[in-house]
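Participant: Here is a sequence with its predicted model. Questions after.
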Amino acid sequence: MSSSGPFRQLQDGSVCPLCEAYFEDPVTTECGHSYCRMCLLSHAGGKDNAGGQLSCPTCARVMGWRAVTTDVRLGVTTRIAQRLNFQALPPRRRRYQEQEI
Ligand SMILES: [Zn+2]
Ligand SMILES: [Zn+2]
């Protein structure tokens, strides 16, 4: 296993705890937890549910949707992590790709 250190941290920080995939349209709550927008929406039962309130899936903090912000920086970080992950494909698969070219 060579994936450790900053690279590993970048990977872990780019994964949604709800769907366990890379963030898609990431948002961050006022308590500092991040999710895909759609994951958080469906966890809260839709934006119109419960008077616009939601509870954070990680720490159960209750807040309004106004406390949830689009995380542009995290979106950029996630794209970088995705690209790094692609480049870090196992050697066998890399050789296969080279043969195709
Ligand atoms: Zn998600
Ligand atoms: Zn939270």
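Facilitator: Everything's here; your move. Ligands and ions are numbered 1, 2, ... in the order given.
Participant: for this structure, longest helix please?
Facilitator: Scanning the chain for the helix with the most residues, using DSSP state H, yields helix 72-87.
Participant: Could you list the residues of the chain in contact with ligand 2?
Facilitator: Selection of the chain residues close to ligand 2 by Cβ under 5 Å from the ion yields 31, 33, 56, 58-59, 61. Glycine gets a C-beta too; all of them are placed from N, C-alpha and C.
Participant: Now the residue most central in space within the chain: closest residue in space, sequence neighbours ignored.
Facilitator: In the chain, the centroid-proximal residue (Cα atoms, centre = their mean) is Phe23; its distance is 2.7 Å. Nearest in space to Phe23, with sequence neighbours left out and distances taken as Cβ to Cβ, 6 or more residues apart in numbering, is Thr78 at 4.6 Å.
Participant: residues touching the one you found, list them.
Facilitator: 14, 22-23, 26 (Cβ atoms under 8 Å, 6 or more residues apart in numbering).
Participant: out of the residues you listed, which are inside strands?
Facilitator: With strands defined by DSSP state E, the entries of the contacts of Thr78 inside them are Pro26.
Participant: pLDDT and distance to Cys39 for the contacts of Thr78 - can I get that in CSV?
Facilitator: CSV is the format used below for those (pLDDT from 0 to 100; distance: Cβ to Cβ, whole Å):
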residue, pLDDT, distance to Cys39
Ser14, 95, 14
Tyr22, 95, 12
Phe23, 97, 9
Pro26, 97, 10
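Participant: and which of the contacts of Thr78 is nearest ligand 2?
Facilitator: Ranked by distance to ligand 2 (Cβ to the ion), the contacts of Thr78 are led by Pro26 at 14.1 Å.
Participant: Thr69 versus that closest one, what's the distance?
Facilitator: Pro26 is 10 Å from Thr69, where distance means Cβ to Cβ, to the nearest Å.
Participant: These two - which one has more neighbours?
Facilitator: Using other Cβ atoms under 10 Å as the criterion, Pro26 and Thr69 rank with Pro26 on top: 24 against 12.
Participant: Please name the bridge partners of the more buried one.
Facilitator: Cys36 (DSSP bridges).
Participant: try Gly64
Facilitator: Beta-bridge partners of Gly64, counted by DSSP bridges, are Gln53.
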